[in-house]
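Student: heads up, no residue letters with this:
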């Protein structure tokens, strides 16, 4: 099933939803700030994206700058930081057919449909 990890307050995430709606495909919306991802779920998404955990972090977020920036962190610690502070997760993320993509820019989403 097509799934988007979405933050309704994010314009890029809202644009991602619009692209999925225009595609006519059924999809599930996960509001990850409300339904916090587990370590297992986030690890799987990172694997599907084919990136390191650090590449999924929003490094300009205040939480990151104040608590994590400049520290040597393991991948597990970075993933736990995102689980504990879901605002740190880059968005939107679309998962489909064992593939995933970050919708920045939102047009990237069309490549996974």
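Tutor: Here it is on my side, so go on. All values reported here derive from a predicted model rather than from experimental measurement. Numbering: from 1, shown residues only.
Student: Tell me, how many residues neighbour residue 33?
Tutor: Counted with other Cβ atoms under 10 Å, the neighbours of residue 33 add up to 16. To be clear about C-beta, it is placed using only N, CA and C from the backbone, and glycine gets the same treatment.
Student: ugh, typo on my part, it should be residue 40
Tutor: For residue 40, the number of neighbouring residues by other Cβ under 10 Å comes to 10.
Student: Longest helix in the chain, by number of residues?
Tutor: helix 11-23 (DSSP state H).
Student: Run through the neighbouring helices and strands of it.
Tutor: Secondary-structure packing of helix 11-23 (3 or more Cβ pairs under 8 Å, 6 or more residues apart in numbering; DSSP states H and E): strand 2-6.
Student: Direction included, what does the strand it packs on pair up with?
Tutor: Taking DSSP bridges as the criterion, strand 2-6 pairs within the sheet with strand 27-31 (parallel), strand 93-96 (antiparallel).
Student: Great, nothing more from me.
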